[in-house]
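Undergrad: Okay, here's the prediction I keep looking at, along with the sequence it came from:
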Amino acid sequence: MLNNESKENQPDPLYMGTAKPFSRRNFLGIMGAGTALIFGAAACKKTSDVISNNGGVNLGSGDAGILNYAYALEQLEAAFYTQVIMSPYSGISSQEMSYLTDVRDHEIAHREFFKAALGTGAIQDLEVNFSSIDFTSRTSVLGTAKAFEDLGVTAYNGAGQLITNPDYLTLAGKIVSVEARHAALIRDLITPGTFADMTALDANGMDMARTPSEVLSIAGPYIKTKLNANNLPTS
């Protein structure tokens, strides 16, 4: 099981299986004062950058924009898995319920991490649109989970080259590794033994990457709130 480790062997607090809100105080403690000050200065440079207007919710620019971009995706994933656990699909096993609950808790921790880190520079809570997902169907739920996890991995991989602060890059690397574990787990739930298949890898055996515009285009149908990514860095 994913959540039966002893307290002595618990992972980094960022990835603990808990749905408790990840507070700004916890964030500052994990990051350390120096790094947190750098993070906060970039994230809060312009509250107006993230105000909703006719062009949609502006994700912002620079590293802060990339953080809001990641925050938007984590909101989507957290909302999806929360719905999965609230209304389990027909025939779900106790083991699958346990696994998916752990994944939900990871995504909630990621979402709350970004929210606390961004502070007043964070975008608003987003409305989602899951009308195309049949939450009573195992095939529909796991197929969507696979798509979301693969999308998350390619999103972080694509955003890495756009981040200028090495501290943020380290954090992105920690989170994308968890997303990749999720992707492997979901694959194995769909078809046992396929956790390391080549469907999400390139010819060199590496995870693929997507630009923010590509990722948001794919995620768009599931996000009801209009997003404006025009100011995000592209190189």
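TA: It's in.
Undergrad: Residue ranges in this protein under the pLDDT threshold?
TA: Residue ranges of the chain with pLDDT under 70: 1-54.
Undergrad: what about the residue most central in space within it, which helix or strand?
TA: Nearest to the geometric centre of the chain sits residue 74, at 3.1 Å (C-alpha atoms, centre = their mean). Secondary structure from DSSP states H and E places residue 74 in helix 62-86.
Undergrad: Can you give me the buried ones in that helix?
TA: Neighbour-count burial for helix 62-86, with 16 or more other C-beta atoms under 10 Å as criterion, is recorded at 62-82, 84. All C-beta spots, glycine's among them, are computed from the backbone N, C-alpha and C.
Undergrad: got the buried residues for stretch 169-178?
TA: So for stretch 169-178, counting by 16+ other C-beta under 10 Å, buried means 169, 171, 172, 175, 176, 178.
Undergrad: what helix or strand is the last one on?
TA: Right, the one you point to is residue 178. helix 166-190.
Undergrad: what packs against that helix?
TA: Helices and strands touching helix 166-190, by 3 or more C-beta pairs under 8 Å, 6 or more residues apart in numbering; DSSP states H and E, are helix 33-43, helix 62-86, helix 94-118, helix 138-160.
Undergrad: quick one, which of these is nearest to residue 128?
TA: For those, the distance to residue 128 is smallest for helix 62-86, at 4.7 Å, taking C-beta to C-beta.
Undergrad: Tell me which other helices or strands that closest one touches.
TA: Other helices and strands packing on helix 62-86, by 3+ C-beta pairs under 8 Å, 6+ apart, are helix 33-43, helix 94-118, helix 138-160, helix 166-190, helix 212-219.
Undergrad: which one of those helices lies closest to residue 129?
TA: helix 212-219 (10.5 Å).
Undergrad: right, and the helix or strand after that closest one?
TA: strand 227-228.
Undergrad: in its sheet, what does that following strand sit against?
TA: Note on strand 227-228: by DSSP bridges, its sheet partners are strand 56-58 (parallel).
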